[in-house]
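**Q** my questions are about this predicted structure, shown below with the sequence.
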Amino acid sequence: MSEQLKPAQLPSAADSLDSEKTKCILETALLTTQDPLPLNEIKKLFNNELNADILQHLLEELRKKWADSGIELVTVAGGWRFHTKPEMLPFLNRLNPQKPPRYSRAVLETLAIIAYRQPVTRGDIEEIRGVTVSSPILKTLEARGWIDAIGHRNVPGRPALYATTVKFLNDLNLCSLEELPPLEELGSLVETKENSEKQSLS
Amino acid sequence: MSEQLKPAQLPSAADSLDSEKTKCILETALLTTQDPLPLNEIKKLFNNELNADILQHLLEELRKKWADSGIELVTVAGGWRFHTKPEMLPFLNRLNPQKPPRYSRAVLETLAIIAYRQPVTRGDIEEIRGVTVSSPILKTLEARGWIDAIGHRNVPGRPALYATTVKFLNDLNLCSLEELPPLEELGSLVETKENSEKQSLS
Amino acid sequence: MNQVIDSIDKEPVAKVCGEPLMEIPKDLYIPPDALEVFLDTFQGPLDLLLYLIRKHNLEIRDIPMAELTRQYMAYVEMMQAHQLELAAEYLLMTALLIEIKSRMLLPKPVADTENEHDPRAELVRRLLEYEQIKLAALRLNELPHAERDFALVQAWIEKESTQQPPNVHLDDLRNAWVMLISRANVNRHHQVTRETLSVRAHMSHIMRHLNDRDTVEFYDFFSPSATVPEVIVIFLALLELAKERLVEIKQSKVFEMIYVRTIEASATA
């Protein structure tokens, strides 16, 4: 092993760590980790000796460096990660001919309800969809790591409350739930009691 | 998804595929696959429209491009892949600090006996430990370069005499065996672990 | 309310290319083999109702219950006629539709206010909520998905060269020794002092020295720069080695050179 980079020999003063070397380490860490790296993890690479501003700046530089390639550096809920640009996928698919999972409408609707109305119980989902929600639907989403049970509602039967996970946001390239496509503006159309009362008052 | 790169729209003539674009696709594919990519897999990326020579040439160019970074493009038995340079590992290990492995009590006790009572035979060690000393224990310490057989005791069976090595002193940051924790106070035989810990702190 | 229904029944149910359509198209016939597919197409009664409403351009805020119920029941009956296993929810919805329809047929109370609860309100709310989620699911599906629309980057981490060997701290050794002593209740004569440790260390050193060359002159073990304590320790080490029958110290005649060699060497000599 070459010795010149032994962490023990790193200068403790943050700014004395050559910024090219720092970027090189950042790049390597991001290229080798599939899961997004949050800033506090990234800091660990440098024994917490570099502050967030410096790192943010270097990450932006890295982002620019890669802009013209087949991969891009992005921020998602979990942190920073590299992923391939969409136009690369057709080529990559030639290596892995198996199709990625396509979800049924039932699965997608269940996911949408959990995403937009979380936390919800299976009963809540059934009420909105108007049909029973089969276990395999929830299992599919749990297996993908997109939803999990975060507790129980304190009613008879103590049903599990489901919510979406950080992985869900990561896999959909989102930083937060607010970035989900806004719900279609049906509020004005929905005739809730309050609504009709308001209207009758005006 | 952006359309301009759809494979269907790729020109079928191999040489008309811009070599920068080809390298970009190669790079992306190699960065997303952990398993080495053999040349015949790599060819699939381009619908087998590029011959091995061209690909080899482009891969060599990619290898050069990456030479100064934290990861390198290498050929292994299975084909081409990117992997981290050894000097990056100390940094990457900070992200997943795996607990350093520890020796079993049997190994440590054996080592302690050899260190304090050297030169000793296996029989001596067994007498002090009160249990048989298995070969793997001594092998472990020999493989580490911490002990070696420095001779044989002239008794039936001519058992090997073990002593600690200079590497043992170096690895434990000692200048000589005299720097091992003194054992005078152990004569009382009642020393507890807590006691010794307190002492080592003071 | 009733007159709303009546008027709607007389109004065109939909406009097709600007032409008012007075009658629901008789397109309810679906080939039996397509029924199963059809059943799969709908996520449930709400989905089917929405389909009917949207398909026939019915006003969702003022649903013509009679028409919708008729349409809905036509589908359900058709599916039942083909003995397709119909989820209970579909039948439940039939009952609900009929109930709403009949409540709307009841004569209006005299004290009619706008606050009066429309029997359709809850159904409309559910339909709109469901439609909202249905659209949201579509949008969600259009977002780029990991694996489906992009791949994650993960270069191989080459680890083979860095199998960390276990670390041993001095305290580990000390503790191991403490454990040994307290466990075996070793006699006092096993006690090792700093001095005897020095002797032990030199014993190893001398053995090593002797292994390299067969015979070593006694005085060679004592370097001129050695301090008095060192000389003593080396001397004790040699004596201890002789006592443990590890070395042989030999002098052929008085005042001749004293040679030290391992017992092994002397045995093979």
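**A** Right, received. Where do you want to start?
**Q** going by C-alpha atoms from here, please, whenever you check contacts or count neighbours.
**A** OK.
**Q** kindly tell me how buried A:Thr22 is, as a neighbour count.
**A** Neighbour count of A:Thr22, defined by other C-alpha atoms under 10 Å in any protein chain shown: 16.
**Q** do A:Asp148 as well
**A** A total of 20 residues lie near A:Asp148 under the criterion other C-alpha under 10 Å.
**Q** tell me which parts of the stretch 51-200 of chain C are close to chain A?
**A** Remark: the part of the stretch 51-200 of chain C in contact with chain A comprises C:61, C:89, C:114-115, C:121-122, C:124-126, C:128-130, C:132-141, C:143-157, using C-alpha under 8 Å from any C-alpha of the partner chain.
**Q** A:Lys44 belongs to a strand, doesn't it?
**A** No. Applying DSSP: H, G, I helix; E, B strand; the rest coil, one finds A:Lys44 to be helix, outside a strand.
**Q** what pLDDT is listed against it?
**A** pLDDT, A:Lys44: 92.
**Q** list phi and psi for the residue nearest to the spatial centre of chain C.
**A** Computing the C-alpha centroid of chain C and ranking residues by C-alpha atoms, centre = their mean puts C:Ala146 first, at 15.6 Å. When read as degrees, to the nearest 10, the backbone of C:Ala146 gives phi -60, psi 140.
**Q** also near chain B: which of the residues of the stretch 51-200 of chain C next to chain A, exactly?
**A** By C-alpha under 8 Å from any C-alpha, the members of these lying near chain B are C:151-157.
**Q** so A:Asp171 sits against C:Ala146, correct?
**A** Yes. A:Asp171 lies in contact with C:Ala146 (C-alpha atoms under 8 Å); the separation is 4.7 Å.
**Q** which residues touch the nearest residue to A:Gly78 once chain neighbours are set aside?
**A** Nearest residue to A:Gly78 in three dimensions, chain neighbours excluded: A:Pro36, at 5.2 Å (C-alpha to C-alpha, 6 or more residues apart in numbering or on different chains). Applying C-alpha atoms under 8 Å, 6 or more residues apart in numbering or on different chains to A:Pro36 gives the contacts A:30, A:75-76, A:78-81, A:170.
**Q** now these in TSV, with secondary structure?
**A** What follows is the contacts of A:Pro36, written out as TSV (three-state DSSP):
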residue	secondary structure
A:Leu30	helix
A:Thr75	strand
A:Val76	strand
A:Gly78	coil
A:Gly79	strand
A:Trp80	strand
A:Arg81	strand
A:Asn170	helix
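**Q** top of those residues by neighbour count?
**A** Neighbour max across these (other C-alpha under 10 Å) = A:Arg81, 25 neighbours.
**Q** can you pull the pLDDT of that residue?
**A** On pLDDT, A:Arg81 comes in at 95.
**Q** now swap in the one 5 residues further on and tell me
**A** pLDDT, A:Pro86: 90.
**Q** list the ones among the ones next to chain B among the residues of the stretch 51-200 of chain C next to chain A that fall in helices.
**A** Using DSSP state H, no member of those sits in helices.
**Q** from those residues, pick the one nearest C:Asp220.
**A** C:Ile157 (53.2 Å; C-alpha to C-alpha).
**Q** and the pLDDT at the closest one?
**A** Per-residue confidence (pLDDT) for C:Ile157: 80.
**Q** where's it relative to B:Leu174, distance?
**A** Taking C-alpha to C-alpha, to the nearest Å as the measure, C:Ile157 and B:Leu174 are separated by 34 Å.
**Q** cool, and C:Phe42?
**A** 77 Å.
**Q** and A:Ile42, by the same measure?
**A** 36 Å.
**Q** what about the chain, any weak spots by pLDDT?
**A** You didn't pick a chain, so chain A it is. Applying pLDDT under 70 to chain A flags residues A:1-17, A:186-202.
**Q** other chain: chain C
**A** C:1-36, C:108-116, C:159-165, C:181-197, C:253-255, C:268-269.
**Q** where along it do the strands fall?
**A** Using DSSP state E, the strands of chain C run over C:14-16, C:19-21, C:215-217, C:247-251, C:258-262.
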